[in-house]
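Enquirer: after the sequence you'll find the predicted model.
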Amino acid sequence: MNTSTVEVSGEKVKAWWDKRLTEIFYDICIKEILKGNRPGTHFTKDGWLYIMTNFEKETCKAYSQRQLKNRWDALKKEWKAWKKLKDRDTGLG
């Protein structure tokens, strides 16, 4: 289980991420990428709005854009580490 903390009105609020929430989040992100709301390396304002709105609808959790972006960045970092390990020499020849 992963967490990210964001300060809201002077109070720190944690976002808890389990497997189900992560899968819902990346499914929503993939839809936005396919719709063209990530033209370069970042989601557009409309893309983030859609992600936030639909994530809340599907999970009943009102995470901020910053919390969602923190999760996106963490997943991207994990993927890069996995890819680096996968692309290393396998020792098969």
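Expert: Ah, there it is. In this text, all values refer to a predicted model and were calculated from it rather than measured experimentally.

Enquirer: Lys14 - that's part of a helix, no?
Expert: No - read with DSSP: H, G, I helix; E, B strand; the rest coil, Lys14 is strand and lies in no helix.

Enquirer: that one pairs with what?
Expert: Counting by DSSP bridges, Lys14 is bridged to Thr5.

Enquirer: how far away is it from Gly40?
Expert: 30 Å (CB to CB, to the nearest Å). In this view, the C-beta of every residue, glycine as well, is placed from N, C-alpha and C.

Enquirer: which one's more surrounded, the two?
Expert: Between Lys14 and Gly40, Lys14 has the larger neighbour count (other CB atoms under 10 Å), namely 10 against 6.

Enquirer: quick check: pLDDT value at the more buried one.
Expert: pLDDT, Lys14: 87.

Enquirer: just the one 3 residues further on next, same as before
Expert: Confidence per residue is given as pLDDT, and for Trp17 that number is 96.

Enquirer: number of nearby residues for it?
Expert: The burial count for Trp17: 20, using other CB under 10 Å.

Enquirer: ok, Ala81 next?
Expert: Every residue meeting other CB under 10 Å relative to Ala81 is counted, giving 10.

Enquirer: residues in contact with the host helix or strand of it?
Expert: For Ala81, the element it lies in under DSSP states H and E is helix 65-87. Here helix 65-87 makes contact (CB atoms under 8 Å, 6 or more residues apart in numbering) with 2, 4, 6, 13, 15, 17, 22, 25-26, 29, 48, 51-52, 55, 63.

Enquirer: looking at those, which are in helices?
Expert: In helices, defined here by DSSP state H, the members of the contacts of helix 65-87 are Thr22, Phe25, Tyr26, Cys29, Trp48, Ile51, Met52, Phe55.

Enquirer: from those residues, which would you call buried?
Expert: Buried members of the ones in helices among the contacts of helix 65-87, counted by 16 or more other CB atoms under 10 Å: Phe25, Cys29, Trp48, Ile51, Met52, Phe55.
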